[in-house]
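need a 3D model of the sequence below.
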Amino acid sequence: MSPMRCVILLAGLLVSLPAAADEFTEQDLKRWEEQFQAVVKQGRELWTSGSLGTNGVACAQCHPNAANTHPETYPKFQKQLGRVANLWEMVNWCLRNPLEGEPLAADDPKMIALLSYIAWERRGVQLAPGKH
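Purely as a prediction, here's the structure:
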């Protein structure tokens with residue numbers, strides 16, 4: 001292979017390499033944190049309202065400040081579902097049953113907001129998947 005072809009191939013490889021994770025700017029980090037906090041706020045608003053169901057019950061009535069949701073333990077065996085489940089599946093169980101509402105897709109913005117709020121409330125708790 002000619003030296004020029006080697007240089008071209010090497011240059012092509014370098015261009016196609018992903019950016020290093022530490023190449024984020026302070027502005028990037030600030031913008032992302034602001035977006036996350038906005039989603040957490042939306043999740044808290046959903047959590048404390050009765051808008052997710054048909055009977056006026058709010059998530060906060062059973063789980064004030066996301067208490068006893070234990071997102072750090074998921075995925076785990078969930079007795080109500082009879083299988084290993086992710087947290088979003090348990091949130092849907094609650095939406096269908098105590099709240100008498102409709103389930104949300106895992107990627108629904110409302111579900112993402114709810115899960116973000118739950119995780120925010122439990123920040124700092126050590127991960128323990130599978131723990132009951």
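
for the helix or strand harbouring Trp93, packing partners?
Using DSSP states H and E, Trp93 sits within helix 87-96. Packing partners of helix 87-96 (3 or more Cβ pairs under 8 Å, 6 or more residues apart in numbering; DSSP states H and E): strand 76-78, helix 109-121. C-betas here are computed from N, CA, C, even on glycine.

buried deepest among the ones you listed, which one?
helix 109-121 (a mean of 20; mean count of other Cβ atoms under 10 Å).

output that one as PDB, nothing but the C-alphas.
C-alpha atoms of helix 109-121 as PDB (Å, rounded to 0.1, in the frame of the first residue of the first chain):
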ATOM      1  CA  PRO A 109     -42.800  11.800  27.700                       C
ATOM      2  CA  LYS A 110     -45.100  11.500  30.700                       C
ATOM      3  CA  MET A 111     -43.500   8.200  31.600                       C
ATOM      4  CA  ILE A 112     -40.100   9.600  31.200                       C
ATOM      5  CA  ALA A 113     -41.100  12.600  33.400                       C
ATOM      6  CA  LEU A 114     -42.500  10.300  36.100                       C
ATOM      7  CA  LEU A 115     -39.400   8.100  36.100                       C
ATOM      8  CA  SER A 116     -37.100  11.100  36.200                       C
ATOM      9  CA  TYR A 117     -38.900  12.500  39.200                       C
ATOM     10  CA  ILE A 118     -38.800   9.100  41.000                       C
ATOM     11  CA  ALA A 119     -35.000   8.800  40.300                       C
ATOM     12  CA  TRP A 120     -34.400  12.400  41.400                       C
ATOM     13  CA  GLU A 121     -36.100  11.800  44.700                       C
END
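
so it versus helix 87-96, what angle?
110 degrees (axes from the mean of the first three to the mean of the last three Cα atoms, to 10 degrees).

just to revisit the earlier point, could I get the helices and strands packed on helix 87-96 as CSV with mean pLDDT and distance to Leu52?
As requested, the helices and strands packed on helix 87-96 are exported to CSV (pLDDT from 0 to 100; distance: least, Cβ to Cβ, whole Å):
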stretch, mean pLDDT, distance to Leu52
strand 76-78, 96, 19
helix 109-121, 97, 8
